[in-house]
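*Asks:* Any chance you could fold what I've pasted below:
(2 chains)
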Amino acid sequence: MAETNVKKSAVRVAKALEAHSLIAVIFGGLIYILAVTGTLSVFNHEFQRWERPDAPEMTSIAPEAAERAALAVFRSEAKPTTHLYINFPQDDLPRTVITTDTQAFFANSDGSIASRETFPWTQFLLDLHYYLHMPQILGLTVVGALGAMLIALSFSGLLAHPRIFRDAFTFRRKAGRLTTVDLHNRLGVWTLPFHFSNALTGSILGLATVLAFAIAAAGFDNDTEALFAPVFGGEPEMAAGKAEPADIAGPLAYMAREYPDLNVTYVILHDPGTAGQHINVIAEHPDRLIFGDYYNFTASGEFKGNVGISDGTVGQQVTGAVYNVHFGNWGGLIVKLAYLVFGTALCTIVASGLSIYFAKRETNGRPAPRLAAVWTGLVWGTPGMLAVALVAALLGMEGIALVAVFWLGLAALLAGASRLGKARTVLTGKLMLGLALGCAIAVYLLRYGAYAVSSSGIAVTVIAAGLAIAMLVWAVRGRIAAAQVRQGPGPDSLQPAE
Amino acid sequence: MVLWQLSGLVLSAAGLFALHRAWQAKQRHWGLIGLGWALLLGSVLVWGRTSGVDKGPALGLISITIMAMLAIFVAAMRTPVKQRRQARVRNGMADTQTRVRHSAAANVASILAIVIFGLAASVAACTALFMGNRALGMEHTANLSLTMFAFPLAWAGLATYIGYSSSIRTRATVLTGVLALSSVIIFSSMQVT
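*Replies:* Purely as a prediction, here's the structure:
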């Protein structure tokens, strides 16, 4: 009887592992790219600042100055925009930006316009994480689907791990594949709250459109806006006829007076210059996970109430927290650093998972050295090509050119990896990452000079330089170790392995 | 505030320490295991006092996870390195007999089932969930957020099941069953609303 139970349990674990491997092999590569870009995206404000260290910075801007800047941009546009945004200075991005449907500008603290807002590499990074550089709805859906597959990997991983509590603190050092297995399992289990909530919130954000289409078709006459309006508030009908642009300074003064504890992050003026124009002020609630709440005003500055994301129904409050929980921008630098640690752990889990798969194949007499090398190429090539794209962006490339640099470069790297083999691919990957980061810092210093050591530039510059040096040292040490191995086995020929 | 944060950190550390002691014990020690989890729960509750109703416990979970990673790191550093034998490379033919599923065609079928039928079935099931709850009078925003959370979980659950199940017939039956049941719920709730 006991033997039958053991057998059943072994079959269950084998089947769960089969499911885990199947999903990982198919989706692992793209999930890894999302994990790397997602980890970096947590710091997108810091990267935006770093990319344009010469942009004007301020801790706050007077309501009248913000209004002046917004109206200056609005009046400069040949075709009137349907939405006019003012992004206010934040702790991690102390800049004022005026955005229309087609362009964005940095504003000075006196309300004059400084220069066009650009951050080509950060935008490239965000587009890669949000859409994998595909058309928006398709890309969002694919990314959301990959989030669902990451959840499936958590499910199947837990099912395949019958000794989850017995092994809770087990870690065998310098034990070859066993170390990789322990790393994969321990990080996978202990960081489960993070990567499960992150995959779930990511897939909710990505798959919302598909689900909304289906529900709207079944119950809302295909009107997806009607589905989301009770959560985020509806958009009033556009009224015909022209009008003077709405009062923006008034609502801002009202928020400062009536809600001094809230942090106004941005303002949206809908249909500016028309009879139906109205204003949303989005204010952050410092003690909450929600991204903020919408405070609505008429064109004359009359307060019409908040939408209720902070104090409305449970559904509104839960939905309002999804974005911040995913991107880790709800608790300042400490939480961002925690997300960096967890994100790096997720990258390690994904990378080690497929390494274990290829090692197992080898042990089972079905080696796939080329595929294993291609996987190693992806693991090292993704951050490497992101660094190469950074160099290209600093040299003036943007948009589709950066996309081409990244994807074509990665494809070439994967093709090369299948010829180089795993060990040389690791070495090449480290060298490429170190050299590309070094080049990026050099180009940045040449381009921005003293700005590189300003408050906008110093942190990222120092970290990138440190990372570049670490990678190059690691690569050189790896090369020396490889040369020693080629010269013959040392006295200690018993290799630590399974 | 700082006192609550410190208490939260101390409770997290104590909870993990208790769980580690329970793990080290030769016999299963339910008392220590219970104490460990209770302390971790206490830590989350204490962290709840440091900020809002949602942000406080979230900070607690982050502190526990960071401490757990540190505990693993310390455990790894304290574990002596053993000399181990090289892994024995098994015969490829023998291995194929022990594999649960090995045909390339079966893998392609699984991929298609996960991506296409898994998506279709989970969309249908979640639309049915929303429409059914709506017909039962559930509040709209709660219903929508419940459905939005359920959708990826349903797809992930189906994907896991498809990868796990070795019988194509059983998989087809489950997927068809989900689609059929969802259709019935959607159409009947459309009549009600």
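
*Asks:* Would you mind listing what in the stretch 1-150 of chain A touches chain B?
*Replies:* Residues of the stretch 1-150 of chain A lying close to chain B (Cβ under 8 Å from any Cβ of the partner chain) are A:11, A:14-16, A:18-20, A:22-23, A:26, A:144-145, A:147-149. Bear in mind the C-beta positions are built from the backbone N, C-alpha and C, glycine included.

*Asks:* who touches the residue minimising distance to the centre of chain B in this structure?
*Replies:* Among the residues of chain B, the one closest to the centroid is B:L153, at 8.7 Å (Cα atoms, centre = their mean). Shown in contact with B:L153 (Cβ atoms under 8 Å, 6 or more residues apart in numbering or on different chains): A:151, A:200.

*Asks:* the domain parsing of chain A - what is it?
*Replies:* Following automatic domain parsing, chain A resolves into domains at A:1-52+A:134-232+A:328-367, A:57-118+A:234-306, A:368-498.

*Asks:* average model confidence for the last one?
*Replies:* In this model, domain A:368-498 has a mean pLDDT of 87.

*Asks:* Stretch A:65-81 now?
*Replies:* The pLDDT scores in stretch A:65-81 average 89.

*Asks:* distance between that stretch and the chain's centre?
*Replies:* Taking Cα atoms, centre = their mean, to the nearest Å, one finds stretch A:65-81 lying 31 Å from the centre of the chain it belongs to.

*Asks:* got a list of contacts for it?
*Replies:* Against stretch A:65-81 from outside (Cβ under 8 Å, 6+ apart): A:61, A:84, A:86, A:88, A:96, A:98, A:100-103, A:105, A:107-113, A:245, A:247-249, A:252, A:267, A:269, A:272-273.

*Asks:* 7 Å - rerun?
*Replies:* Contacts to stretch A:65-81, defined as Cβ atoms under 7 Å, 6 or more residues apart in numbering or on different chains, come from residues A:84, A:86, A:96, A:98, A:100-102, A:105, A:107, A:109-111, A:113, A:245, A:248-249, A:252, A:272-273.

*Asks:* Same check on stretch B:1-10?
*Replies:* Identification of contacts with stretch B:1-10 by Cβ under 7 Å, 6+ apart yields B:43, B:46-47, B:49-50, B:60, B:63.

*Asks:* Redo these as JSON lines? Include distance to B:A14.
*Replies:* Listed next are the contacts of stretch B:1-10 as JSON lines, based on distance: Cβ to Cβ, whole Å:
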{"residue": "B:S43", "distance to B:A14": "8"}
{"residue": "B:V46", "distance to B:A14": "11"}
{"residue": "B:W47", "distance to B:A14": "14"}
{"residue": "B:R49", "distance to B:A14": "17"}
{"residue": "B:T50", "distance to B:A14": "18"}
{"residue": "B:G60", "distance to B:A14": "14"}
{"residue": "B:S63", "distance to B:A14": "12"}
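
*Asks:* Within range of chain B, give me the residues from the stretch 251-400 of chain A.
*Replies:* For the stretch 251-400 of chain A, the residues in contact with chain B (Cβ under 7 Å from any Cβ of the partner chain) are A:287-289, A:313-316, A:318-319, A:321, A:330-331, A:335, A:338, A:341-342, A:363-366.

*Asks:* Narrow those residues to those that are buried.
*Replies:* Neighbour-count burial within those applies to A:288-289, A:313, A:315-316, A:318-319, A:321, A:330-331, A:335, A:338, A:341-342, A:363-364, A:366; the criterion is 16 or more other Cβ atoms under 10 Å in any protein chain shown.

*Asks:* Cross-reference the residues you listed with the helices and report the matches.
*Replies:* Taking DSSP state H as the definition of helices, these contribute A:315-316, A:318-319, A:321, A:335, A:338, A:341-342, A:363.

*Asks:* Relative to B:W23, how far out is the residue nearest to the centre of chain B?
*Replies:* Using Cβ to Cβ, to the nearest Å, we find B:L153 at a distance of 30 Å from B:W23.

*Asks:* One more: A:V307?
*Replies:* If you go by Cβ to Cβ, the gap between A:V307 and B:W23 works out to 48 Å.

*Asks:* now B:L3
*Replies:* Separation of B:L3 from B:W23 (Cβ to Cβ) stands at 30 Å.

*Asks:* Show me which of those two is the more surrounded one.
*Replies:* B:W23 (19 against 10; other Cβ atoms under 10 Å in any protein chain shown).

*Asks:* List the contacts of the more buried one.
*Replies:* Counting by Cβ under 7 Å, 6+ apart, B:W23 touches A:168-169.
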